[in-house]
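Novice: Sharing a model that was predicted from the sequence below.
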Amino acid sequence: MKNQMKKSFSNIHNVSLIFLTIIIVCLLIDCSNKGDEGKTNSANAVEVTITAYDLASDSYLNHINVWDDYDGRNKIITKLYHRDKVKMLKRVGDGVIIETPDGKVGWLSYFFIKEIVLKEGMPVWNDQSGSFTNQIPDPTKL
């Protein structure tokens, strides 16, 4: 009876060690992939032009903030100006990851990219519908 209990305990111990090893490996794999969603391949980058034009007010913003994180917008990485050239690395929803000529990487909204605005327009508040609608502005202002 004691031998059976020892074998049983030994088997449970071995299974527990295997299970624990699997959990540790899974955690290591998951941790090594953290942050990959924001990483991009510079080889696929496209040069684009920044537009600081605001269609709603028919005026130009002083500058465009480039953020460390699109959703949180905790830290300004740098500022860009109308007609600056940058590399667009990736678009995720309304956010765009860009790289400046001096190598700074950060986020801004798609409607500050001239090439996207010419295709998709800019969001402008429509009082009649009570929502935003995309309108393509006069290209000479971009």
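Specialist: Now that the structure is in, tell me what you want to look at. Everything numeric here is computed off the predicted structure, so don't read it as measured data.

Novice: okay, and for this protein, where does confidence drop off?
Specialist: Scanning the chain with the threshold set as pLDDT under 70 gives 1-42.

Novice: so where's the longest strand in it?
Specialist: Ranked by number of residues, the top strand in the chain under DSSP state E is strand 85-92.

Novice: for that one, packing partners?
Specialist: strand 46-49, strand 95-99 (3 or more C-beta pairs under 8 Å, 6 or more residues apart in numbering; DSSP states H and E). Backbone N, C-alpha and C define where each C-beta goes, glycine included.

Novice: Sheet partners, orientation included, of the longest one?
Specialist: The reference is to strand 95-99. Strand 95-99 sits in its sheet next to strand 85-92 (antiparallel), strand 105-109 (antiparallel), going by DSSP bridges.

Novice: one step back: can you redo the helices and strands packed on strand 85-92 as CSV with distance to Arg73 and mean neighbour count?
Specialist: Shown next, in CSV, are those (distance: least, C-beta to C-beta, whole Å; neighbours: other C-beta atoms under 10 Å):
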stretch, distance to Arg73, mean neighbour count
strand 46-49, 20, 14
strand 95-99, 10, 21
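
Novice: can you list these in a markdown table and add distance to Glu120?
Specialist: As requested, the helices and strands packed on strand 85-92 are exported to a markdown table (distance: least, C-beta to C-beta, whole Å):
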| stretch | distance to Glu120 |
| --- | --- |
| strand 46-49 | 13 |
| strand 95-99 | 12 |
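
Novice: of those strands, which approaches Lys85 most closely?
Specialist: When these are compared for distance to Lys85 using C-beta to C-beta, the nearest one is strand 46-49, at 5.9 Å.

Novice: List of residues touching the very next helix or strand once past the closest one?
Specialist: As assigned by DSSP states H and E, the chain's next helix or strand after strand 46-49 is strand 53-54. With contacts defined as C-beta atoms under 8 Å, 6 or more residues apart in numbering, strand 53-54 is touched by Ser59, Tyr60, Leu61, His82, Pro137, Lys141, Leu142.
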